[in-house]
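K.L.:
give me the fold of what follows.
(one chain, ligands or ions: 2)
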Amino acid sequence: MTDKVIKVNGGNTLTGEIKISGAKNSAVALIPASLMAQNGTVELEGIPEISDVSTLVSLLSDLDIDAKLEGDVLTVNAENAHNTPLPNDKVQSLRASYYMMGAMLARFKKVAIALPGGCHLGPRPIDQHIKGFQALGVKVTNEHGVMHLSSESLTGAKIFFDVVSVGATINVMLAATMAKGRTILENVAREPEIVDVATLLNKMGANIRGAGTETIRIEGVESLHGTSHTIIPDRIEAGSYISVGALVGKNFKVKNIIPEHLESLFSKLEEIGVDFTIDDDEVVINSGSNYNPVEIKTQVYPGFPTDLQQPLTPLLMQATGTSKISETVYPARFRHIDELSRMNAHLEQRSGAVFIHPSKLNGAEVYASDLRAGFCLVAAGLIAEGTTTIHNVHHVMRGYSGIIEKLTELGADIELVTK
Ligand SMILES: CC(=O)N[C@H]1[C@@H](OP(=O)(O)OP(=O)(O)OC[C@H]2O[C@@H](n3ccc(=O)[nH]c3=O)[C@H](O)[C@@H]2O)O[C@H](CO)[C@@H](O)[C@@H]1O
Ligand SMILES: C=C(OP(=O)(O)O)C(=O)O
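P.N.:
Ligands and ions are numbered 1, 2, ... in the order given. From the prediction side, this is the model:
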């Protein structure tokens, strides 16, 4: 992907339907969770076609696990899994490789793994993951960048997280599933992806209650088994395309959504004045003009997701006045600003916030700094005059399944080309 660029010619109206894929942030936890089944096969349906998934499937194969991806179905049989140190390059190419810690601790009580990679959004510590593991009786050392985690026997504990963290909640939940006795996790994150992971684990024989609330209770079980599960739709992919519909859509239908997962976005779209109609698991959007400027503050779920602030920025440039987005989850998540400026965007960054002024964009050569910044540039390219060339497309391919095909089908002039 390093030798490829996305080229977008702006100005087309997009019309038709788009089907949202399974959620990246669920899939990347469900895949490691599947290695915890000592017996039987775990079948995961709705797997998105993204590079984070291929890397995790490849990590399972490194552990001698039989993992087969056919279409959007992944079958994993981990009966003959072997514990070996995981290759650094794969682990460091994505964030969610940290879930191999919790899953492998549960299965083998021991894991050697590098610190994860993922989008550069400012500091992304994993101290709360470590705090949770240690409370379960895990010994943790860092030897030359490789984390060694081990325990004779994991034991349930009461853990109060200092920070509300998606990753720490899921990781410690994975590790505690087969610990001895009861674990109580307090001040946990409530994202739908956490509920999805708990649902899969319970189908595999775990005893987890309270996912989706601030407290999760886990009664440790002896072993887990195979099952089948369909992944929830990706609310961030959905929100990204919905913002495109509001920019350039005509009868632009986004299918396979769970509207309750997108309430914070829909309420902002109403304030902005976007014309949309929700019907069961789909939404139809028509773009408009004279949009209202708004203020947005990113928050943990059910607040406005940090992962949607960059994709929504091009829409806010079409408002009649200045909008403000305050980023409270990752106060440095603003690397898209300089790139949008190359396209003639009028943006100002001030202490954890971006002020978005009305802008008329011109196509330019730009660089995706991270996954959502990449989508933001694609959306900007769709409304810009002329051609936008987006470099560093590997970031985009970490999270948007079939993005070129989906947008082309709707009428966009977009292609992935070799530089
Ligand atoms: C693979 C995955 O699901 N990625 C998502 C996950 O990332 P990730 O799990 O990394 O994000 P967290 O929810 O853990 O991070 C939230 C905040 O807590 C801080 N923190 C986190 C852990 C920790 O041990 N210590 C600590 O201080 C982080 O720096 C950040 O400020 O949730 C983020 C917040 O919704 C999303 O942007 C990412 O798309
Ligand atoms: C930040 C994101 O992903 P990751 O945590 O996998 O880097 C994202 O999905 O926007």
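K.L.:
surely residue 406 and residue 18 touch.
P.N.:
Yes - the pair residue 406 and residue 18 qualifies as a contact (CB atoms under 8 Å) at a distance of 5.2 Å. C-beta: built from backbone N, CA, C; applies to glycine.
K.L.:
between those two, which is the more surrounded one?
P.N.:
The residue with more neighbours, out of residue 406 and residue 18 and counting by other CB atoms under 10 Å, is residue 18; that gives 25 against 21.
K.L.:
quick one, phi psi at the residue in the chain that ligand 2 sits nearest to?
P.N.:
Proximity to ligand 2, evaluated over the chain using CB to the nearest ligand atom, is greatest for residue 118 at 3.0 Å. Comment: the main-chain dihedrals of residue 118 come out as phi 100, psi -180, following degrees, to the nearest 10.
K.L.:
how about residue 361?
P.N.:
phi -90, psi 150.
K.L.:
again with the one 4 residues further on
P.N.:
Recorded main-chain torsions at residue 365 are phi -90, psi 120, according to degrees, to the nearest 10.
K.L.:
okay, and the common contacts of residue 406 and residue 18?
P.N.:
By CB atoms under 8 Å, 6 or more residues apart in numbering, residue 406 and residue 18 have these common neighbours: residue 241.
K.L.:
surely residue 213 meets residue 190?
P.N.:
Yes - using CB under 8 Å, residue 213 makes contact with residue 190 at a distance of 6.6 Å.
K.L.:
helices of this protein, start to end?
P.N.:
For the chain, helices defined by DSSP state H occupy the ranges 24-34, 51-62, 88-91, 99-108, 127-135, 166-176, 192-203, 235-248, 263-272, 309-316, 336-342, 371-383, 394-397, 403-409.
K.L.:
what's the distance between the nearest residue to the residue of the chain closest to ligand 2 once chain neighbours are set aside and ligand 1?
P.N.:
On the basis of CB to CB, 6 or more residues apart in numbering, the spatially nearest residue to residue 118 that is not a chain neighbour turns out to be residue 95, at 2.6 Å. Remark: distance between residue 95 and ligand 1 (CB to the nearest ligand atom, to the nearest Å) = 5 Å.
K.L.:
what's near enough to touch residue 365?
P.N.:
Under the criterion of CB under 8 Å, 6+ apart, the neighbours of residue 365 are 342, 388, 389, 391.
K.L.:
among those, which lie within strands?
P.N.:
Applying DSSP state E to the contacts of residue 365, the entries found in strands are 388, 389, 391.
K.L.:
dump the residues you listed to TSV, plus pLDDT and neighbour count.
P.N.:
As requested, the ones in strands among the contacts of residue 365 are exported to TSV (pLDDT from 0 to 100; neighbours: other CB atoms under 10 Å):
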residue	pLDDT	neighbour count
388	98	28
389	98	17
391	97	18
